[in-house]
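*Asks:* when you get a sec, could you give me coordinates for this:
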Amino acid sequence: MSADLSRYDDCLRLLTELPRHVPALQVVVVNGSAVTGGWDEHSDLDVEAWCSGDAATTYDAVLALVRRELDVDHVWELPEATWPTGRQCFIHLQPDAADLSRPTRLLDVVIQTTPERLTMDTRRHGVPMVLHDPDGLLLLEDDDEAEMQAQRAQVVDQATARRQTGAWLVERAIARGDLAEATGLHLRFAVEPLVRLLRVRHCPARHDFGLRYLRTDLPAGTAEQVEALLPGPGLSDRARAAFAWQDELLRELTSEVSGRTAG
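*Replies:* Numbers count the residues shown, from 1 in each chain. Below you'll find the model as predicted:
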């Protein structure tokens with residue numbers, strides 16, 4: 001069942017017409033939860049576009065047009081260094097986005113310079129809604145598997161090497177009564193690496209998606225198991241359980257790699 005994007009109809013009309021006003025735009029798509037699943041009344045509309053020439057110039061032109069044509073409350077522009085070849089901003093079409101008593105209207109816009117070869121891995125990003133691509137520049141194909149495998153192998157190697165240091169840092173902060181530090185270290189060294197390993201195990205194409213989409217990417221019930229390990233009473237017990245789960249996954253993943261190598 002396709003997502004109901006009707007509350008963004010005015011935005012979609014404008015986005016479809018953008019290349020007429022900003023000719024440097026070559027490809028404009030909607031992606032994110034609108035095409036991958038999980039869309040609800042509080043989802044933002046993820047827009048990605050590619051252009052010829054300088055992306056910053058095209059970005060400025062697009063943002064100026066959006067401000068003129070839509071009722072914009074405010075814009076958060078990410079630092080220029082966020083994207084080496086582009087710019088990103090969050091365009092709020094209503095005040096107080098945290099007020100969830102009404103549906104959210106918020107655009108997440110990324111504009112980049114079109115690379116020599118423009119591809120999108122649908123395993124990671126879903127099948128995009130293409131609003132503009134007259135020259136067929138966007139190719140839907142998987143990312144390089146050898147490179148992805150190397151990234152996943154590094155996740156496993158780092159988790160193995162960091163395991164004892166991470167546990168020591170968490171337990172030391174707890175023993176010293178430094179709750180804020182212990183909480184941050186628990187998330188950084190116990191929970192987040194655990195989730196990365198779970199992703200390598202269960203959804204390798206999205207191994208680097210962090211704590212997002214756990215209910216859709218991981219087996220049923222796994223997200224709840226992870227949430228039970230988040231900071232709370234008995235933090236030391238939670239940390240030990242998280243590291244024990246890391247150990248279990250590392251044994252499985254190391255065994256699988258060894259098996260493939262032997263084969």
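*Asks:* use CA for all of it now, contacts and neighbours both
*Replies:* Noted.
*Asks:* measure the spatially most central residue of the chain to Asp143 for me?
*Replies:* For the chain, the residue lying nearest the average C-alpha position, counting by Cα atoms, centre = their mean, turns out to be Phe209 (5.0 Å). Remark: distance between Phe209 and Asp143 (Cα to Cα, to the nearest Å) = 15 Å.
*Asks:* got it, and Asp121?
*Replies:* With distances defined as Cα to Cα, the gap from Asp121 to Asp143 amounts to 6 Å.
*Asks:* now swap in Glu77 and tell me
*Replies:* Separation of Glu77 from Asp143 (Cα to Cα): 28 Å.
*Asks:* next one: Ser101
*Replies:* Distance, Ser101 to Asp143, using Cα to Cα: 40 Å.
*Asks:* comparing those two, which residue is more hemmed in?
*Replies:* The neighbour count for Ser101 versus Asp143, taken as other Cα atoms under 10 Å, is higher for Asp143 (15 against 8).
*Asks:* which residues touch the more buried one?
*Replies:* Remark: with contacts taken as Cα atoms under 8 Å, 6 or more residues apart in numbering, Asp143 is in contact with Met120, Asp121.
*Asks:* that one - that's part of a helix, no?
*Replies:* No - when the secondary structure is assigned by DSSP: H, G, I helix; E, B strand; the rest coil, Asp143 falls in coil instead of a helix.
*Asks:* mind pulling up the phi and psi values for it?
*Replies:* Note on Asp143: its backbone torsions stand at phi -70, psi 160 [degrees, to the nearest 10].
*Asks:* next: Met120.
*Replies:* Dihedral angles phi and psi of Met120 (degrees, to the nearest 10) take the values phi -140, psi 130.
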